[in-house]
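In: I'd like to go over a predicted model; first the sequence, then the structure.
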Amino acid sequence: MKFTAREIAALLGGKIKGSPEAAVTKIGKIEEAVAGDLSFIANPKYEHYLKNTGASVVIVAEALLTHEAPETATLIAVADPYSAFAKLLEVYQQMQAAGKKKGVEQPAFVAANAQVHPSAYIGAFSYIAEGAEVAEGASIYPGCYVGAGAKIGKDTTLFAGVRVYHGCEIGEGCTLHAGVVIGSDGFGFAPQPDGSFRKVPQTGNVVIGNDVEIGANTTLDRATIGATHIHDGVKLDNLVQIAHNVEIGRATVIAAQTGISGSTKIGSGCMFGGQVGVVGHIHIADNTRINAQSGVAKSVPDAGTVWNGTPAFEYRNSMKSAAVYRNLPEMQRQIQQLEQKVALLMQAFEQQQPGK
Amino acid sequence: MKFTAREIAALLGGKIKGSPEAAVTKIGKIEEAVAGDLSFIANPKYEHYLKNTGASVVIVAEALLTHEAPETATLIAVADPYSAFAKLLEVYQQMQAAGKKKGVEQPAFVAANAQVHPSAYIGAFSYIAEGAEVAEGASIYPGCYVGAGAKIGKDTTLFAGVRVYHGCEIGEGCTLHAGVVIGSDGFGFAPQPDGSFRKVPQTGNVVIGNDVEIGANTTLDRATIGATHIHDGVKLDNLVQIAHNVEIGRATVIAAQTGISGSTKIGSGCMFGGQVGVVGHIHIADNTRINAQSGVAKSVPDAGTVWNGTPAFEYRNSMKSAAVYRNLPEMQRQIQQLEQKVALLMQAFEQQQPGK
Amino acid sequence: MKFTAREIAALLGGKIKGSPEAAVTKIGKIEEAVAGDLSFIANPKYEHYLKNTGASVVIVAEALLTHEAPETATLIAVADPYSAFAKLLEVYQQMQAAGKKKGVEQPAFVAANAQVHPSAYIGAFSYIAEGAEVAEGASIYPGCYVGAGAKIGKDTTLFAGVRVYHGCEIGEGCTLHAGVVIGSDGFGFAPQPDGSFRKVPQTGNVVIGNDVEIGANTTLDRATIGATHIHDGVKLDNLVQIAHNVEIGRATVIAAQTGISGSTKIGSGCMFGGQVGVVGHIHIADNTRINAQSGVAKSVPDAGTVWNGTPAFEYRNSMKSAAVYRNLPEMQRQIQQLEQKVALLMQAFEQQQPGK
């Protein structure tokens, strides 16, 4: 997408200083922007960057029109640069939405009995298997796989290379980033007398609600029986692992590389940092916060608590233990000195006893 | 797959109560099942769920035929519901196997000198490179890549989007889930005098035995020289990292997000929890258990031991240290009090000495 | 690639003992090599493996020609086996480079206004979107996605299934392994009064320098505004997570499964172990070393320091704390004994005071 200063000024009702034909294709920070970037200054502490900015177009407050700026920078003066910028971001999103592709791009594979809405986009090299459904306005980028009987909801986007196994269901307005895997087999194996393992059939599926976002290369396993449930508004970052039969409540947010083990149920409104591990078969109450890299080994019964460490315990106490941990060598010295002093005291005391 | 109560009852030799035409397409837990689900009650403590179940067909013990159940639920009474369910799962697996596709689905890319058995399935958009071999009964789902000279064994399944680099070998009866990467370059770089790094050629491959299962988006690097070896019956969960020249012994099981560093050799029958890290160039004895999130920094010489923590040490001692860790702030207070008391005692003792 | 002993001896100026027609296709360690492998012995401590090696061709020092070796092994004697082997590896790389494919392999998707250099390779099932550029000598393996306006530099290789989102830029001589995702949305959501989250548009891109290697299934998010920057010579292992607006300095090396949170800036020449976590919005100085599994919670201001643990602190002190940690139960016993002794002392002292 390419815009001229003239178009942007018209949209924002702004005043141009410089070339109205200056064109931009993306947004950059004022201090890092290069030719072709649109930038903005809303905070006075960034004003000094204007003098040397590489941006081609800069949205500024009217007061900044008199400041020194490179000849390469066209300025657009508005009453409130921050609001103007927010408006631009909205327009950016609307244009992205308006620029969505429609129809089946060849070569793609759409099974005869799959149902693909005419307004949906199926990218080249994507595979829509038998009985799968792709609803109105959905975007399936190139190289995706939608297994037999799987359902992709209205206005949901699967970026390139997403794999949805058979029978899984994804709601409306979801975004799945490249490389996401939905519905791989849960990790279930029954030990046999000879030391080998026999696979436990994973007969369930994954059911994902609406407005869910799932980061690149994140994996969600299908349930052994029933469903792995991701409720409305959940946000999962990249490289997250969700095991079979897990349930994640509404609007819970989980950062990158965290793993949730099988059958664990997580409440709504929780926030987990990155690289957290949660054992299987426990319950985490609503609005629980788990600090990054923590290992949660037992259920969290009360809503709204904060946890840290491996094994995790209450955050503030955990931080106190961590602080003392750094002084453990000193503590050990203190104990040795105490032992010496007490030994001396006991020896001295015994020597002065009558009868000694 | 769709079954009626009549078909299921015939298979199990069961007695129908309700509509023999009730149809099911998947399996659900009695407490979560919805219309179209088959469920079962084998444990008396779940009997109370029968009254309100959403399942369309429920396998029950004969004694339960007299219990209250929704009109929407057709009951099938059998002598032993658990055995009946296990039998159904077996049939489910057999039918899945029977439903396997065969032949090359167009468009696919099969190099002229690649060898694909006529009974194998090559999904659309899959790429079988020069000299690669795909054996009898193997299933290569859509969007896979099998590099030059790579070998895929009999009855092995590569789900959608698996990438096998050139020269790697996968045995019989294996299952590789979506997004698995086999044979990417090991992480080997030689530091140069100018601070940069020069790539060490990774000339080896990955050799995987029989009955191995590998979870979604897991990565296994090729050896620098020789092979990265995964022996028969190994089970790797999702997002696991196996570095170059690693060897993993028979029937070892490794949970999600664990990473094994280069040239480490792991015995057979081991069980590793999730998010474990193991340093390079060490040996882990047979039947070792490593607790989740542990960091193993040295070899484990004796078979059958259990390890925990970072750096990991013997499990029970580690749990004791972890318990004391939570009380570190209290311990620090105790030491301070002891120091005060001992100082007072020493002062008092000195004051009462003759000559003072 | 297949070579005979005769060809190898000619290349190295070596002397053959055995069949000049013995053929090899890959390289194996002397102790593990099988038929068809080329091996070498440069270190005297490996000489005893010669007697039973399975290798078809072995490069040895002249003195070893008189040692016992299997009939299946053809020996090639050279003055310096290690240098000869290094030369062979170089030839191996040159031949791999010479064997690179060129042109667009059908079926591929190349948008009408995409620019693909005639010397570049576009594998089947790869997708080059509108306005994308693929430079001279670049190799795009099958099943890749290069989004709108993205740029792939000269001699850069994208192995199978790499996804580069729109507008991202990759420099020259880079290697991206299978399943890498470049430019997925940063994890940015603004909390709303009703407890839900609203997506913050991620308008930036990812800019990658020259000679960068990125491991399988690693993910790099695009910037919210501006760019996520990976500078020249950076090496990232498998399953690494790089969040939005992160900057990684020249020749920094990061091992598998490490995660860097948003807006953190990492200097040049750093080395991070595997499974490290780094919080957002901090600076890590040049040449910093972070031990595996550490959690870095604050900026590292001084260059050349070493860190360990969660939260990480200076390496040597951290190892001392870790050592004491193992003795915490013993330390607790010592404190209890001290308390008993001090209590006894105080009691005894009080009893002997005048007036008692």
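Out: In hand now; what should we look at?
In: who are the neighbours in contact with A:Met271?
Out: By CB atoms under 8 Å, 6 or more residues apart in numbering or on different chains, the contact set of A:Met271 is A:Thr252, A:Val253, A:Ile254, A:Thr288, A:Arg289, A:Ile290. Where C-beta positions appear, they are placed from N, C-alpha and C, glycine not excepted.
In: tell me which residues form a beta bridge with the third one?
Out: In other words, A:Ile254. Bridge pairing for A:Ile254 (DSSP bridges) gives the partners A:Leu236, A:Phe272.
In: Surely it is in contact with A:Val278?
Out: No: the criterion here is CB atoms under 8 Å, and A:Ile254 misses it with A:Val278 at 9.7 Å.
In: So for these two, which sits in the more crowded spot?
Out: Using other CB atoms under 10 Å in any protein chain shown, the more surrounded residue of A:Ile254 and A:Val278 is A:Ile254, with 28 against 25.
In: Per-residue confidence at that one, what does it come out as?
Out: Listed pLDDT for A:Ile254 reads 98.
In: Could you verify that A:Pro118 is part of a strand?
Out: No: assessed with DSSP: H, G, I helix; E, B strand; the rest coil, A:Pro118 is coil; it does not lie in a strand.
In: how near is A:Ile16 to B:Arg198?
Out: 52 Å (CB to CB, to the nearest Å).
In: neighbour-wise, which of those two wins?
Out: Comparing A:Ile16 with B:Arg198 by neighbour count (other CB under 10 Å), the higher total belongs to A:Ile16, at 19 against 10.
In: For that one, give its distance to A:Val78.
Out: Taking CB to CB, one finds A:Ile16 at 11 Å from A:Val78.
In: before we move on, what about A:Val110?
Out: From A:Val110 to A:Val78 the distance is 47 Å (CB to CB).
In: what do you get for A:Pro70?
Out: As judged by CB to CB, A:Pro70 and A:Val78 stand 20 Å apart.
In: Out of these two, name the residue with the larger neighbour count.
Out: A:Val78 (21 against 14).
In: ok, of the contacts of A:Met271, which one's closest to C:Ile122?
Out: A:Ile254 (36.6 Å; CB to CB).
In: Please identify which helix or strand holds A:Gln93.
Out: helix A:81-98 (DSSP states H and E).
In: quick one on the thing from earlier: for A:Ile254 and A:Val278, list the residues in contact with both.
Out: By the contact definition CB under 8 Å, 6+ apart, A:Ile254 and A:Val278 are jointly contacted by A:Ile260, A:Phe272.
In: burial measure for the residue nearest to A:Glu136 when sequence neighbours are not counted, as a count.
Out: Take A:Glu136 and drop its neighbours on the chain: the residue closest to it by CB to CB, 6 or more residues apart in numbering or on different chains is A:His117, 4.5 Å away. Neighbours of A:His117 under the rule other CB under 10 Å: 15.
In: and A:His117, what is it in contact with?
Out: Counting by CB under 8 Å, 6+ apart, A:His117 makes contact with A:Val134, A:Ala135, A:Glu136, A:Gly137, A:Ala138.
In: Quick check: the two most widely separated of these?
Out: Spatial extent of these (CB to CB) is set by the pair A:Val134 and A:Gly137 at 9.7 Å.
In: and the gap between whatever residue of the stretch 251-356 of chain A ends up closest to chain C and A:Lys45?
Out: For the stretch 251-356 of chain A, the residue closest to chain C is A:Leu328, as judged by CB to the nearest CB, at 3.9 Å. From A:Leu328 across to A:Lys45, the span is 43 Å (CB to CB).
In: Among the two, which residue is more densely surrounded?
Out: More crowded of A:Leu328 and A:Lys45, by other CB under 10 Å: A:Leu328, with 23 against 7.
In: and that one, what is it in contact with?
Out: B:Leu328, C:Lys320, C:Ser321, C:Val324, C:Tyr325, C:Leu328.
In: In helices only, show me those.
Out: Cross-referencing the contacts of A:Leu328 against helices under DSSP state H gives B:Leu328, C:Lys320, C:Ser321, C:Val324, C:Tyr325, C:Leu328.
In: Looking at the residues you listed, which is nearest A:Gln202?
Out: Distances from A:Gln202 to the ones in helices among the contacts of A:Leu328, taken by CB to CB, are shortest for C:Tyr325, at 39.7 Å.
In: Surely the closest one is in contact with B:Tyr325?
Out: Yes: C:Tyr325 lies in contact with B:Tyr325 (CB under 8 Å); the separation is 7.1 Å.
In: Give me the common contacts of those two.
Out: Listed contacts common to C:Tyr325 and B:Tyr325 are A:Tyr325; contacts here mean CB under 8 Å, 6+ apart.
In: Are the lowest-mean-pLDDT helix or strand in chain A and chain C in contact anywhere?
Out: Lowest mean confidence among the helices and strands of chain A (mean pLDDT, DSSP states H and E): helix A:81-98, at a mean of 82. Yes: Helix A:81-98 reaches chain C (CB under 8 Å from any CB of the partner chain) through A:Leu89, A:Tyr92, A:Gln93.
In: Nearest residue to A:Pro81 in space, please, no chain neighbours.
Out: Counting by CB to CB, 6+ apart, A:Pro81 lies nearest to A:Ala42, which is 4.4 Å off, once chain neighbours are set aside.
In: repeat for A:Phe40
Out: Nearest non-adjacent residue to A:Phe40 (CB to CB, 6+ apart): A:Ile59, at 3.9 Å.
In: Let me see the contact set for A:Ala323.
Out: Contacts of A:Ala323 (CB under 8 Å, 6+ apart): B:Pro329.
In: any idea of the pLDDT on it?
Out: pLDDT, A:Ala323: 95.
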